[in-house]
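Q: give the three-dimensional model of this entry:
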Amino acid sequence: MVKKQGEAAQVALEECPVSFQQPLADLTSACERVATAGESSFKLLEQWDPKYGEKLEELLLEKERRDFAAQYREFVEDFEVLVFDRVRDLAKYQEAAAALGMHQPRSAKDVLHLIHTLRCPEKPGSAAASQRAVERAAKERAAKEQVKEAWYEAVELEGLTRAEYESVCRFKGSTNRAFHRGEDTSPAIALKLLAKNGVPLHYASSKEALVKMLELLARTAAGAC
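A: Numbering: from 1, shown residues only. Predicted structure coming up:
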């Protein structure tokens with residue numbers, strides 16, 4: 001492109017009256033500089049466009065995941081509230097909660113924290129620990145295990161299998177409480193949106209369990225009306 005412009009300029013100079021040759025030469029030089037700068041800009045765009053395109057795609061996928069998490073994670077917490085209401089009526093849970101005394105759970109969040117502590121390895125008792133303290137710790141852990149069993153029993157009574165519940169828990173665990181629905185969306189509307197918009201690939205493994213959970217929540221909400 002620059003070469004062709006240079007050839008055209010040379011022809012123009014040869015045919016141009018002497019009085020206009022210097023201004024024309026200056027103008028030609030300026031045009032060549034502009035053309036060179038333009039070519040350099042195009043080359044830079046060719047180099048950087050794919051990189052920006054990839055980055056933009058990553059950002060859009062991240063936004064899609066965040067929007068989905070904000071829309072659906074709190075429904076898992078809504079389901080867990082129903083499970084807590086159910087588990088409190090189970091004799092197995094009541095017995096275990098009584099054994100825990102002042103440490104008994106007061107909410108779904110408390111139960112989930114208790115279950116989480118069971119994953120932590122027990123600290124070895126010191127040589128100075130009394131037999132009574134060791135026995136008390138063992139009874140407390142047994143009571144917590146019983147709470148856990150009762151919780152999963154209540155999950156199944158609410159309509160999810162243990163595997164399905166663990167799947168929606170993994171979804172919730174991959175997000176955080178910074179994500180919120182923003183507006184009060186019913187489970188029925190959330191189901192329609194899920195059917196319309198689909199599930200981000202990142203959360204695809206939890207789709208079936210999420211759909212089933214939302215159906216259960218929608219039925220519960222309809223029955224409460």
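Q: only C-alpha atoms for contact and neighbour calcs from this point on.
A: Noted.
Q: quick one: residue 212 from residue 76, how far?
A: Distance, residue 212 to residue 76, by CA to CA, to the nearest Å: 11 Å.
Q: the protein: helices as residue ranges?
A: For the chain, the helices defined by DSSP state H cover 2-15, 18-87, 91-100, 108-117, 131-158, 162-173, 187-197, 207-224.
Q: mean pLDDT lowest for which of those helices?
A: Looking at those, the lowest mean pLDDT belongs to helix 2-15 (a mean of 51).
Q: check which residues of stretch 54-61 are buried.
A: Buried residues in stretch 54-61, counted by 16 or more other CA atoms under 10 Å: none are found.
Q: got it, and stretch 78-90?
A: Of the residues in stretch 78-90, 79-80, 82-84, 86-88 count as buried by neighbour count, 16+ other CA under 10 Å.
Q: could you dump the residues you listed to a markdown table with distance to residue 132?
A: What follows is the buried residues of stretch 78-90, written out as a markdown table (distance: CA to CA, whole Å):
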| residue | distance to residue 132 |
| --- | --- |
| 79 | 39 |
| 80 | 36 |
| 82 | 37 |
| 83 | 34 |
| 84 | 32 |
| 86 | 34 |
| 87 | 30 |
| 88 | 29 |
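Q: what's the closest of those to residue 188?
A: Residue 188 lies nearest to residue 79 out of the buried residues of stretch 78-90, by CA to CA, at 13.9 Å.
Q: right, and that closest one touches residue 210 too?
A: No: Residue 79 is beyond contact range of residue 210, at 10.6 Å (criterion: CA atoms under 8 Å).
Q: excluding chain neighbours, what is closest to residue 79?
A: Nearest residue to residue 79, sequence neighbours excluded (CA to CA, 6 or more residues apart in numbering): residue 217, at 6.9 Å.
Q: what about residue 156, neighbour count?
A: For residue 156, the neighbour count with other CA atoms under 10 Å is 15.
Q: ok, now residue 206?
A: Counted with other CA under 10 Å, residues neighbouring residue 206 total 20.
Q: from residue 76, how far out is the residue lying closest to it once chain neighbours are set aside?
A: Computed as CA to CA, 6+ apart, the closest residue to residue 206 that is not its neighbour in sequence is residue 167, at 5.5 Å. The gap separating residue 167 from residue 76 is 10 Å, by CA to CA.
Q: what does residue 191 give?
A: Counting by CA to CA, the gap from residue 191 to residue 76 is 13 Å.
Q: then residue 200?
A: Residue 200 sits 17 Å away from residue 76, going by CA to CA.
Q: can you pull the contacts of residue 212?
A: Taking CA atoms under 8 Å, 6 or more residues apart in numbering, we find residue 212 in contact with residue 160.
Q: rerun that using 10 Å as the cut-off
A: 159-160, 164-165, 191, 218 (CA atoms under 10 Å, 6 or more residues apart in numbering).
Q: so what's in contact with residue 79 and residue 210 at the same time?
A: Here residue 79 and residue 210 share the contacting residues 165, 216, scored by CA under 10 Å, 6+ apart.
Q: follow-up on the earlier one: how many neighbours does the residue nearest to residue 79 have?
A: 22.
Q: would you confirm that it contacts residue 78?
A: Yes: here residue 217 reaches residue 78: they are 8.0 Å apart, a contact under CA atoms under 10 Å.
Q: please consider this matter closed, and thank you.
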